[in-house]
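A.B. asks: What shape does this take:
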Amino acid sequence: MGSRDLGVGSSIMQSIGGSGPMLNIVGVFAIIASFSSINLVYIVIGAFIISLVNIYMPYRASKIIRSNGGYYTLNGIFMGKRTGLFVSILYLIYGFAAFPSITIFTVSILYYLSGSLTMSVVAADAIAASIAFVTMGGTYVSAKVLKILGALEIMFIVLLDVSMISHGSGVISPYALSSATTPNFWYGIMFGLLMFSGLGSSLFISENTKNSKVSVSRGIAIAYAVSGSLMVVTALAIERFLGNNISYYSSNPFYIIGSVKSVLGSYFYIFFLFFSVSSAFNLAVAYLNAFSNSAVKMGEDGIIAPLSRRKVLAISLALDIVASSVFPILFGPFVAFVTITGLVSASYLTVHLISNVSLYKHISASREVIGKIMLIASSFTVLVTLAYSILADIYTSMLVDIFFAIALLVAIYSVFYILRSSRYTSIIFHYE
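C.D. replies: Numbering: from 1, shown residues only. Below is the predicted model:
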């Protein structure tokens, strides 16, 4: 199969795999519940609706450019070299942090099951190594894995939703929305948006996709509809399944796992755990597939030293093993997961906001009224979500704000450093 032979199906599963549906149910839902369990459904619905305007940027960008550089290429072309550099460095930081976030989630699940932190870290690192190995096989091998595991994962979630609805009796409280103006609600929205952040990942395999300006945009749209519908229905199913016990979800992020075992039985419980880990595996493959393509493109564009796909993945794995071994010990597995995921989410929102502005500048002289409205709406919601979440971090998890501030400072310093170097004049953002 040639380098541009991936089709719409691969684009869809790259995007769905990049959103990690079961990982969202076990991991992101748990984070949301830890801040506002009674608002779980409303936060998921809110994040789904907001993401409709948020996916417009990668959707529209995929129709304009073909480049595995993704967001940084978009910014470099439409906003200039300095903006492109800033986004590329911040994306590198965000990229190298996302893999440990997934692995630390795996540590959390294994620690919940085994009670041994050391064994959990070793097992999670072994899984991470196997993920890197699969991704080293290339974009086509990764696409095949994503298709198989992704299809099985979706079928299981449908079965899970039906089972939880049929075994539950809870109702959705209309009074929960009264807390929608609180920082915690919007902190939940920030993590909720993370459920859909990977939907644009097929943009990073556009150079490997035939007729990408049609296939990638179509894949993003279909993946949004499928994954969003699954998340909303599952949130409703969980509230019905847990009923009045939904409050326990706030203090115990793995309460849903125990409830599945006690109500649905051991066999369902085993499959639940399998697809939770499988989802993390699939998400990491999709993410590393996109990230390694982008990092290789940065080398080709002269932003960083030239890197092969294998070298990028080797560096990612090394950093992942260090982070997943140190942070769970320092902060505990779940707090470490929330902290690193918070950094990833804040960085993603920042990159997305800047990319919205870049794309708006590009279409500003056109008659694309709907497109302009979508980008303005997306920018507003992202800005509000980011501001509220940073405010919430001051009172809940200052570590996220500290790490995010460090990431911004590193990106700014790197831009100024490159500006003063001879490398700056040779940087070119290549695209088709």
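
A.B. asks: which regions of the stretch 51-200 of the chain sit below the pLDDT cut-off?
C.D. replies: 170-183 (pLDDT under 70).

A.B. asks: just the helices in it please.
C.D. replies: Assigned by DSSP state H, counting those that start in this stretch, the stretch 51-200 of the chain shows helices spanning 56-64, 71-78, 81-114, 117-135, 139-167, 183-194.

A.B. asks: Let me see the contact set for R309.
C.D. replies: Applying C-beta atoms under 8 Å, 6 or more residues apart in numbering to R309 gives the contacts 136, 138, 292-293, 296. The way it works is simple: take the backbone N, C-alpha and C, and place the C-beta from them, glycine included.

A.B. asks: if we take these, which one ends up nearest to A47?
C.D. replies: Among these, N293 lies closest to A47 (C-beta to C-beta), at 26.5 Å.

A.B. asks: If you tally nearby residues, what's the number for that closest one?
C.D. replies: N293 has 25 neighbours, counted by other C-beta atoms under 10 Å.

A.B. asks: next one: A365
C.D. replies: Neighbours of A365 (other C-beta under 10 Å): 7.

A.B. asks: any idea whether it is helix, strand or coil?
C.D. replies: Secondary structure state of A365, per DSSP: H, G, I helix; E, B strand; the rest coil, is coil.

A.B. asks: I'd like the distance from it to L74, if you could.
C.D. replies: Noted for A365: a distance of 17 Å to L74, by C-beta to C-beta, to the nearest Å.

A.B. asks: Same question for L359.
C.D. replies: With the distance defined as C-beta to C-beta, L359 ends up 7 Å from L74.

A.B. asks: Those two: who's more crowded?
C.D. replies: Taking other C-beta under 10 Å, L359 and L74 do not tie; L74 has more neighbours (29 against 26).

A.B. asks: Now do the contacts for the closest residue to that one other than its chain neighbours.
C.D. replies: In this structure, L74 finds its nearest non-sequential neighbour in A61, 5.1 Å apart by C-beta to C-beta, 6 or more residues apart in numbering. Contacts for A61 were tallied using C-beta under 8 Å, 6+ apart; they are 71, 74, 203, 355, 359.

A.B. asks: Could you pull up the residues touching the third one?
C.D. replies: In this structure, L203 makes contact with 58, 61-62, 70-71, 216, 220, 290, judged by C-beta under 8 Å, 6+ apart.

A.B. asks: Likewise for the first one?
C.D. replies: Contact criterion C-beta under 8 Å, 6+ apart gives 58, 61, 87, 91, 203, 351-352, 355 as the residues in contact with Y71.

A.B. asks: Neighbour-wise, give me the winner out of those residues.
C.D. replies: Counting neighbours by other C-beta under 10 Å, L203 leads those with 33 neighbours.

A.B. asks: Against Q14, how distant is that one?
C.D. replies: 9 Å.

A.B. asks: between these two, what contacts are shared?
C.D. replies: Jointly contacting L203 and Q14 under the rule C-beta under 8 Å, 6+ apart are A290.

A.B. asks: show me the contacts for R66.
C.D. replies: 206-207, 212-213, 431-432.

A.B. asks: Please check those and keep the buried ones.
C.D. replies: Of the members of those, the ones counted as buried by neighbours, 16 or more other C-beta atoms under 10 Å, are 206-207, 212, 431.

A.B. asks: which two from these end up farthest apart in space?
C.D. replies: Pairwise distances across these peak at 11.3 Å for S212 and Y431 (criterion: C-beta to C-beta).

A.B. asks: What is the neighbour count of V162?
C.D. replies: 12.

A.B. asks: T381 sits in which helix or strand?
C.D. replies: helix 369-395 (DSSP states H and E).

A.B. asks: what helices or strands is that helix leaning on?
C.D. replies: helix 40-54, helix 56-64, helix 183-194, helix 333-363, helix 398-419 (3 or more C-beta pairs under 8 Å, 6 or more residues apart in numbering; DSSP states H and E).

A.B. asks: the inter-axis angle of it versus helix 333-363?
C.D. replies: Relative orientation of helix 369-395 and helix 333-363, computed by axes from the mean of the first three to the mean of the last three C-alpha atoms, to 10 degrees: 150 degrees.
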